[in-house]
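Enquirer: Build me a structure from this.
(chains A and B)
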Amino acid sequence: ETGVTQTPRHLVMGMTNKKSLKCEQHLGHNAMYWYKQSAKKPLELMFVYNFKEQTENNSVPSRFSPECPNSSHLFLHLHTLQPEDSALYLCASSPGETSGPTDTQYFGPGTRLTVL
Amino acid sequence: AQTVTQSQPEMSVQEAETVTLSCTYDTSESDYYLFWYKQPPSRQMILVIRQEAYKQQNATENRFSVNFQKAAKSFSLKISDSQLGDAAMYFCAYRSEYSTSGTYKYIFGTGTRLKVLA
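Expert: Purely as a prediction, here's the structure:
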């Protein structure tokens, strides 16, 4: 257990559904990340938050909407997704700039999303 | 922009043998950090080892060690005495020394799937 949890672990949804992914970290970190992991591709960074403020949106389509109510929780709201959005969605956290050179990411187990 | 390349999509190693996974990267920065992460099947991605670019000494963690060649921009992972539990996807990652808005950007390779044969 690395201290980062994600729910649900598996999700199947239709293209017209609305669903949310949840990430929680118990490590006292300040930064949280959403990644998309597809087969044979590098991890794609989607969003970054620092102290609840979004610091990066990597040109992600608006059908993905992140929310970070506090430094421990991160959500990804999903709406009218496409089949090509099927992937493993990983959440990660790290101490952030306050840790300086020692900053290292810790990952959750991911949510396996299938869009029908 | 920085890039990370893992040219071996898949590798196999016999149990108890040694295997080396390759990683190259491109950057114009002089100080940065490199990581190897392990992602077992259906399990969480975990940090294996980390290397600071300003340190000449190669990092070592038990059976895992790296061969860091800064001039060649190469960062390979050596696994000694391979065990069945080492079977996983291994990702190489780069992190700039500099943060943006308080957070650091990590760049990952495509991964290498390691199979361990009994």
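Enquirer: burial of B:Ser74, as a residue count?
Expert: Using other C-beta atoms under 10 Å in any protein chain shown, B:Ser74 has 15 other residues around it. In short, each C-beta sits where N, CA and C put it, glycine included.
Enquirer: what's the answer for A:Ser65, then?
Expert: The burial count for A:Ser65: 15, using other C-beta under 10 Å.
Enquirer: wait, it sits on A:Leu74?
Expert: No - look at A:Ser65 against A:Leu74 with C-beta atoms under 8 Å: they stay out of range, at 11.9 Å.
Enquirer: Model confidence at residue 99, what's the number?
Expert: Let's take chain A. For A:Ser99, the pLDDT comes out at 69.
Enquirer: Hmm, no, I was thinking of chain B.
Expert: 74.
Enquirer: ok, now which ones touch the nearest residue to it once chain neighbours are set aside?
Expert: Computed as C-beta to C-beta, 6 or more residues apart in numbering or on different chains, the closest residue to B:Ser99 that is not its neighbour in sequence is A:Glu97, at 4.5 Å. Going by C-beta atoms under 8 Å, 6 or more residues apart in numbering or on different chains, A:Glu97 touches A:Asn30, A:Asn50, A:Asp103, B:Ser99, B:Gly102, B:Thr103, B:Tyr104.
Enquirer: need those in TSV with neighbour count, secondary structure and distance to A:Pro69, can you?
Expert: Formatted as TSV, these follow (neighbours: other C-beta atoms under 10 Å in any protein chain shown; DSSP: H, G, I helix; E, B strand; the rest coil; distance: C-beta to C-beta, whole Å):
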residue	neighbour count	secondary structure	distance to A:Pro69
A:Asn30	22	coil	14
A:Asn50	24	strand	14
A:Asp103	20	coil	23
B:Ser99	19	coil	23
B:Gly102	16	coil	18
B:Thr103	23	strand	18
B:Tyr104	24	coil	22
